[in-house]
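Enquirer: Sharing a sequence plus its predicted fold:
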Amino acid sequence: MADWQQVPPIALRRPPGGAASGLALVWLALPVQVVLTGALTYVVLAAWSIVGGAFTEALQLFGFALVSTPLTVLVFVLGLPLRIVPRARAWWIRRAGWTFVVFGVAVAVLCLSYVGGTAGPVHNEAYADQPATDGYEPDPRFFLPALGVFAFASMHLLPPLRRTRDVR
């Protein structure tokens, strides 16, 4: 018998209804969600700057973080009722799979913002010690709201919980 087969399984206690497990899940997932949101919004902003031809100095690496961090904090604060209010939390946990749908729609709109509306080529003039650059910018009417929805969805992604019935 292998070593792992000799260890008895851990019995997890679940209160009736499983409310505490949902409560634990939404708070245990928070650090991962904050890092995920910050990293993803950082990457989207960096791609926006690079494609737009505005990426010229290392200082912009910090600039992306200066925009991504407040956005992450904002979507966390806006989503606090989902974590604190029991009815909202229960609603959110029951519909956790929809956050992936909203996330996917936000990604699609972010991509479509580069081909629709006023999206198009842009020329950045040379000034000071920066060379002239050419790039392609998205339509801000689509890009900025989609970025907000993208950040909110990534902050509140939860894996769908399986519902099991007690077999007696």
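Expert: Happy to help now that I have it.
Enquirer: now the strands: where do they sit in this structure?
Expert: Taking DSSP state E to define them, one finds strands in the chain at 120-124, 133-137.
Enquirer: how near is the nearest residue to Arg141 once chain neighbours are set aside to Pro145?
Expert: Excluding its sequence neighbours, the residue lying closest to Arg141 (C-beta to C-beta, 6 or more residues apart in numbering) is Gly117, at 5.9 Å. Backbone N, C-alpha and C define where each C-beta goes, glycine included. Taking C-beta to C-beta, to the nearest Å as the measure, Gly117 falls 12 Å from Pro145.
Enquirer: circling back to that earlier point, so which of the strands of the chain is the most packed in?
Expert: strand 133-137 (a mean of 15; mean count of other C-beta atoms under 10 Å).
Enquirer: sorry, back to before: among the strands of the chain, which comes closest to Gln33?
Expert: Of all these, it is strand 133-137 that lies closest to Gln33, at 29.3 Å by C-beta to C-beta.
Enquirer: quick check: mean pLDDT across the closest one?
Expert: The average pLDDT within strand 133-137 is 78.
Enquirer: One more: stretch 65-84?
Expert: 91.
Enquirer: For it, buried residues please.
Expert: Neighbour counts over stretch 65-84 (16 or more other C-beta atoms under 10 Å) mark Ala65, Ser68, Leu71, Thr72, Val75, Phe76, Gly79, Leu82, Arg83 as buried.
Enquirer: and if you look at stretch 33-50?
Expert: Counting neighbours by 16+ other C-beta under 10 Å, stretch 33-50 gives Gln33, Val34, Thr37, Gly38, Leu40, Thr41, Tyr42, Val44, Leu45, Ala46, Trp48, Ser49 as buried.
Enquirer: roughly how far apart are Arg89 and Phe152?
Expert: 16 Å.
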